[in-house]
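1. Generate coordinates for the sequence data below:
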Amino acid sequence: MANHASAKKRARQNPKRATVNSNRRSRLKTFIKKIEVALLAGDMTGAKAALKAAQPELDRAAAKGILHKKTAARKMSRLSAKVKNNTSVGTQKPAKKSVAKKK
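-> Residues are numbered from 1 along each chain as shown. From the prediction side, this is the model:
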């Protein structure tokens with residue numbers, strides 16, 4: 001058990017903060033999933049609307065420390081590219097085949 005007043009306070013706050021952070025993370029995942037579902041269904045207007053709704057959520061998550069700032073930017077960039085290119089989540093360009101070096 002904590003001995004100092006500040007450590008006792010942190011012990012009280014940590015479970016509350018963990019719950020709030022968990023809820024924010026879950027909310028963020030829901031917004032991202034809405035975009036992915038719309039893309040899989042081929043609903044481009046729905047995907048664009050979901051992307052527009054998810055952008056402030058990603059920014060807020062970065063501001064609150066749920067995601068790193070660059071992680072949020074990367075997620076937003078990739079989601080925007082998928083919506084722009086009309087591609088679903090599972091479809092990506094195939095990787096280049098590696099060519100064996102001759103000795």
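2. now the helix of greatest length in the chain, how far from the centre of its chain.
-> Identified as the longest helix of the chain according to DSSP state H is helix 5-41. Here helix 5-41 is found 11 Å from its chain centre; the criterion is C-alpha atoms, centre = their mean, to the nearest Å.
3. So which bits of that helix are buried?
-> For helix 5-41, a neighbour-count test (16 or more other C-beta atoms under 10 Å) marks Arg24, Leu28, Phe31, Ile32, Lys34, Ile35, Glu36, Ala38, Leu39 as buried. Using the backbone N, CA and C atoms, a C-beta is placed for each residue, glycine as well.
4. could you check the distance from the last one over to Ala81?
-> Note on Leu39: its distance to Ala81, by C-beta to C-beta, to the nearest Å, is 11 Å.
5. List the residues that contact the closest residue to Ile35 other than its chain neighbours.
-> In space, and not counting its chain neighbours, Ile35 is closest to Ala50: 4.4 Å by C-beta to C-beta, 6 or more residues apart in numbering. Ala50 sits next to Phe31, Lys34, Ile35, Ala38 when contact means C-beta atoms under 8 Å, 6 or more residues apart in numbering.
6. which element is Ala50 on?
-> helix 44-64 (DSSP states H and E).
7. And the pLDDT at Ala5?
-> On the pLDDT scale, Ala5 is placed at 95.
8. Between helix 44-64 and the very next helix or strand once past the helix holding Ala50, find me the angle.
-> Toward the C-terminus, helix 44-64 is succeeded by helix 69-84 as the next helix or strand (DSSP H and E). Helix 69-84 runs at 180 degrees relative to helix 44-64, counting by axes from the mean of the first three to the mean of the last three C-alpha atoms, to 10 degrees.
9. I am finished for the moment; much appreciated.
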